[in-house]
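> curious how this folds, go ahead:
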Amino acid sequence: MITIYSAAAGVVAYPGEETPGNRIVFEKLHEADSKHPSPWSVGDWNKFKYSYSSVHEAEILELLKTNGDGGPFGDQNLNPLSLGSVLNPSPALSIRPCESTNPPTPDQIPYFDKYTNNSETDEANNWIRDLELMHQWTSSTSLTLCGLEEVKYIWQIVVPKEAIAQKFLMHEILAFSALHLAHLRPDQARAYSVLSDHHQGIAVNTIRNLLSSTITSENCNALFAASAIITLTGFASNFTETAPPLDDILDLFLLIRGMHGILKSAWDKIMQGPLARIIKSGLDPPPQPLLEELLCHVEDLKSCLDSKLVRSDVQSLCMDTIANFHESVDMATHHSDGRELRVVFTWPIKLSPDFMLLLRQNEPFALALLAHYCVILHCAEEKYWFIRGWGSKVVKAIANSIDPAWEQCIRWPVQYIMGQNYLPSG
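Below is the predicted model of the structure:
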């Protein structure tokens, strides 16, 4: 066990075993202390935490456990971070300032501020626009989420019924419908994006409050539906100008992982509720040659590990991640609907925190495996408008940034997505 103490940030942490992510926290906090010996303001802390986004969420969850062995804060207790805080693209420590005994409650969904601009709207006309968005949901948007008729019915009829009792879900529905209209009507995209931001902000603020207490049988189904739509909204927003594509996709991975972590405690209730059919398998899945071909190419990546002198600890981690990729695809092939979309969301959940760290660090093998995941994104574009553009923009970023010695390892996914004649610009 290692102990991390930052006088400047006012943090005591007991992360358990020493791993790469823990070492980064340790080194950066002490480096920051030496440069900033006086107590930090909130602004100072925010600048620090956003500078080191590579520290992964699972280890951050261990950083603020109860101080039980007489550390610098004596018998004061530090509350563990909420699972919701892993939604932050730069996972933040929940700090206890030395001068304060009543720290603010940690933000439950800090990550989604990236997609919430708190845009001004014309309140007098909101109700008529809301009717337009609800009509869009029931007549079109809800039908784009799945090909099975019984699941379409759930999204189209059952979910809105749930939203009548849980208004945050209604606002999430309207936010996503507005983005769909922005996609369908590019000339009005700005106006619909403003509407989406308005409803997204209300939904997220309400969910933040709900997640400060226990998820119940009354709200778990609405939270499940809202979390699913929130992640789809993250893809649909497709912020190509605000951050590099690799940062964008990893931020979405954190969102997917965070929402899954939050809902795990209520999973049994959800699987017994009216929305369970969204998750459960369909019957008689047809064969999917592409997924089989993809797995063959992923298997070929193992030879890259042997030929590129990759460290043994990284090799072991990457082999485990390949196995997780296989498992995600295998699970999806047992479903008769939305198999590409299931892989899109399942694989990020299965990634280990250490592999997420490798992705943040642009480690070549991690990027090569991510490039193969982009094939799934690319194939999903044909069915799902909200995924459109993600496969190509992420694989281009990988091709333009990966070490040239690894280009052979990404040739198949790059050519599959971009065409045989594509040449990286990096």
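> now for residue 323, how many residues are close by?
For residue 323, the neighbour count with other Cβ atoms under 10 Å is 11. For the C-beta atoms, the positions are set from N, CA and C on the backbone; glycine is no exception.
> in what helix or strand does it lie?
helix 312-333 (DSSP states H and E).
> flag the shaky bits of this structure, pLDDT-wise.
Residues of the chain that meet the criterion pLDDT under 70 lie in 1-125, 239-242, 281-287, 309, 336, 423, 425-426.
> okay, strands next: where are they in it?
All strands of the chain, identified by DSSP state E, fall at 4-6, 11-13.
> where do the domain boundaries of the protein fall?
Domain assignment for the chain, taken from automatic domain parsing, gives 4-107, 112-278, 289-418.
> figure out the length between the terminal residues of stretch 397-405.
In stretch 397-405, first residue to last residue: 16 Å (Cα to Cα, to the nearest Å).
> and for stretch 209-220?
14 Å.
> for that stretch, buried residues please.
210-211, 215, 219-220 (16 or more other Cβ atoms under 10 Å).
> I'd guessed residue 200 sits against residue 173; true?
No. Counting by Cβ atoms under 8 Å, residue 200 sits too far from residue 173 to count as a contact (10.9 Å).
> quick one: the helices in the stretch 251-400 of the chain?
Using DSSP state H, counting those that start in this stretch, the helices found in the stretch 251-400 of the chain span residues 267-271, 289-307, 312-333, 339-350, 353-360, 364-380, 390-401.
> so residue 345 touches residue 231, yeah?
Yes. With contact defined as Cβ under 8 Å, residue 345 reaches residue 231; the gap is 6.9 Å.
> and for the two, which residues touch both?
Common contact partners of residue 345 and residue 231 (Cβ atoms under 8 Å, 6 or more residues apart in numbering): residue 256.
> which residues in the stretch 51-200 of the chain form helices?
Taking DSSP H, counting those that start in this stretch as the criterion, the stretch 51-200 of the chain carries its helices at 57-60, 126-139, 149-153, 159-165, 167-184, 189-210.
> now those helices in CSV, with distance to residue 420?
Below are those laid out as CSV (distance: least, Cβ to Cβ, whole Å):
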stretch, distance to residue 420
helix 57-60, 39
helix 126-139, 39
helix 149-153, 37
helix 159-165, 43
helix 167-184, 29
helix 189-210, 33
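> return the most buried member of these.
Mean neighbours per residue, mean count of other Cβ atoms under 10 Å, is largest over the helices of the stretch 51-200 of the chain for helix 167-184, with a mean of 24.
> what packs against that helix?
Applying 3 or more Cβ pairs under 8 Å, 6 or more residues apart in numbering; DSSP states H and E, one finds that helix 167-184 makes contact with helix 126-139, helix 159-165, helix 189-210, helix 220-237.
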